[in-house]
Structures are given as C-alpha cells and as structure tokens.
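S.K.: Dropping the sequence and predicted coords here.
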Amino acid sequence: MLRCHRVALLALAVLAAQPAMARDTRHNFPVGDAMATSGAREKLDPEIKFFFGTQKHPKVLQRFGEWGTNKKTNAFGKDDKVACEWAFLSAMLELQDRVKKEGGNAVINIKSNYRGNETVSNETYECGAGAIMAGVALKGTVVRIGR
C-alpha cells in the first residue's frame, strides 16, 4: 500500500511540474462580419469612416498620426468568432474615440498588430483566442478626409 501511495505521489509531482498548456489559436475573421454585428451597428458612429488595409478612401486633408489598440475580452465558454468579434468591436471603439479626440473623421490603413506582428488585409482581422481570453490589436492612421 505504501508503494502505491509513493507511485501516486510521484505521478502527481510529475504532472504538477508540467507547464500549463494554454491555447492560443490565431484566427483571421472577416471584417464585414464583425462590422455587421448588432453591437457594431449600434456603437460605431456612422460619421466616422474606417478603411482597412489598402482600401481606397477619399483624399486625406490632414493626418493626426498612427494609433494602436490592444483589446481583450472574456472568451470562457464562448465560440472563438463571437469572442473575437467582441474584442474587435472594443478595438474599433478605441480607434473611434481617438478620431474624436484628435478632430478627425476617419481611420485609414487599419491593420492587425497581434503580438507585434502586423498583418495587412482589406477583408480580415487577426484575433488570438484561448480558453479564457480573446484579443485583437489594431493599428490605423487617424485622418480628416474630404467628403
């Protein structure tokens, strides 16, 4: 019996010494889907325009600088896409707040910047999703564009 306890304790010690394996799945989800959510439609100001990647935009009248966001959300028990869309909206709201603070009316050249790795796309954004958290980091240039 004593030997059985020792083996069990040894097995427990080996398991406890293992590093925790946290999931960090990287996804590229459609910008269009995230922008079409009810939250995005309700919270994003239609007077502020967002242009992803190399999308064409009206002439830039004034530049206010490049700004970044890094937003996380609770992903526990949520589908990765749902959690990522929530984090995406949080990042977009931060960009929107920056536009208002700087006196602009648009953000151009929006790109993903997940863990410092810039990804340029007109159609998708990158999101990292784990068992507990999901995160989206975006960068974009705040500008005033002509109508």
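M.R.: Sure thing, it's come through.

S.K.: mean confidence score for the helix or strand that residue 101 is a member of?
M.R.: Taking DSSP states H and E as the definition, residue 101 sits inside helix 80-102. Taken as a whole, helix 80-102 has a mean pLDDT of 98.

S.K.: for stretch 51-70, same thing?
M.R.: Here the average pLDDT along stretch 51-70 is 98.

S.K.: Straight-line length of stretch 101-118, end to end?
M.R.: This stretch, stretch 101-118, spans 25 Å end to end (Cα to Cα, to the nearest Å).

S.K.: If we go by neighbour counts, what in it is buried?
M.R.: 102, 104, 105, 106, 107, 108, 109, 110, 111, 112, 113, 114 (16 or more other Cβ atoms under 10 Å). All C-beta spots, glycine's among them, are computed from the backbone N, C-alpha and C.

S.K.: Mind telling me the two of the residues you listed farthest from one another?
M.R.: Farthest pair in the buried residues of stretch 101-118 (Cβ to Cβ) is 105 and 114. Separation: 26.9 Å.

S.K.: Read off the pLDDT value for residue 11.
M.R.: For residue 11, the predicted pLDDT is 48.

S.K.: Packing partners of the strand ranked longest in the chain?
M.R.: Counting residues, the longest strand found in the chain (DSSP state E) is strand 60-74. Judged by 3 or more Cβ pairs under 8 Å, 6 or more residues apart in numbering; DSSP states H and E, the packing partners of strand 60-74 are helix 80-102, strand 106-114, strand 133-145.
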